[in-house]
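In: just coords:
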């Protein structure tokens, strides 16, 4: 049975990567989906491909007027809003803080926080009145970097730690009417947008050799994460709020000498 039947969702950054996978999964589970995205070509292609159950708003999450317009258009198109997915985000090209040129540092910090943190807060504030009317919920794209100091650099890691704080803070604020959760995404075979302030182009989110350090031994596709969003957005998770679903392929239980115990046993068995 479709777990999101008759639900209406708004997904930010829904035209590509994890966001697009979430849009497709929500549709498969019976929802109608509005998308806020700044990439005009990809957003329009998404709407043309997926049909009448998708409505696209072109805009930027760090602009509150765009967030409000996306909510208004979702409600106008589909009659209500049940689910807000805060997903739009950027990286900093895996640069360390000390590697960012001093004359570009402030602009880089302002940009990544505007999208990854401010964008989540503005989107939540814009969606809240509609969600309170439907006793809806919010789901945010968090990260392994919401808990660990990974090699994406301090700018990105600090924004994802902040996103976990948003999940917890808003879950308290909106209880008992609106549930708020996140998905702690690990490695995904997708492209990470960079910072305009640093002239960065999108880069592969998967570093070379990643399979060898992932306990489950494979690189997930964006679609591998979408079910977690659908679960948290559904009545199946009606007792879950203020939590982040770990979906990190086992990074949280990595060993020091070997990523997975079975790999060590197989090695010993061959000796």
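Out: Right, received. Where do you want to start? Note that the structure is a prediction, hence the values are computed from the model and not measured. Numbering: from 1, shown residues only.
In: right, and residue 187 touches residue 210 too?
Out: Yes. Counting by Cβ atoms under 8 Å, residue 210 is a contact partner of residue 187 at 5.5 Å. Using the backbone N, CA and C atoms, a C-beta is placed for each residue, glycine as well.
In: ok, those two, which is more surrounded?
Out: When residue 187 and residue 210 are compared on other Cβ atoms under 10 Å, the one with more neighbours turns out to be residue 187, at 21 against 16.
In: name the SS class of the more buried one, please.
Out: Classification of residue 187 into helix, strand or coil gives coil, according to DSSP: H, G, I helix; E, B strand; the rest coil.
In: excluding sequence neighbours, find me the nearest residue to residue 20.
Out: Ranked by Cβ to Cβ, 6 or more residues apart in numbering and with sequence neighbours excluded, the top spatial neighbour of residue 20 is residue 14, at 6.1 Å.
In: pretty sure the one you found sits against residue 42.
Out: No. Proximity of residue 14 to residue 42 does not meet the contact threshold set by Cβ under 8 Å, at 9.4 Å.
In: the more surrounded of those two?
Out: Each of residue 14 and residue 42 had its neighbours counted (other Cβ under 10 Å), and the higher figure belongs to residue 14 (30 against 18).
In: the more buried one is in what secondary structure piece?
Out: Element membership of residue 14 [criterion: DSSP states H and E] is none; it lies in no helix or strand.
In: centre-most residue in the chain?
Out: Centroid-nearest residue in the chain, with Cα atoms, centre = their mean: residue 141, separated by 2.5 Å.
In: element containing residue 181?
Out: When elements are assigned from DSSP H and E, residue 181 belongs to strand 179-185.
In: immediately after that strand, which helix or strand?
Out: Proceeding C-terminally, strand 179-185 gives way to strand 191-192 as the next helix or strand, assigned by DSSP H and E.
In: on that earlier part again, and the strand holding residue 181, how far out from the chain middle?
Out: The gap between where strand 179-185 is centred and where its chain is centred comes out at 9 Å by Cα atoms, centre = their mean, to the nearest Å.
In: list the contacts of it.
Out: Judged by Cβ atoms under 8 Å, 6 or more residues apart in numbering, the contacts made with strand 179-185 from elsewhere in the structure are 18, 124, 137-144, 146-147, 163-164, 167, 170-171, 174, 225, 228-229, 232, 237-238, 240-248.
In: buried among these? Need that as a selection in ChimeraX.
Out: Buried residues within the contacts of strand 179-185, as defined by 16 or more other Cβ atoms under 10 Å, are selected in ChimeraX through the command that follows:
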select :18,124,137,138,139,140,141,142,143,144,146,147,163,164,167,170,171,174,225,228,229,232,237,241,243,244,245,246,247,248
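In: among the contacts of strand 179-185, which are in helices?
Out: In helices, defined here by DSSP state H, the members of those are 18, 124, 163-164, 167, 170-171, 174, 225, 228-229, 232.
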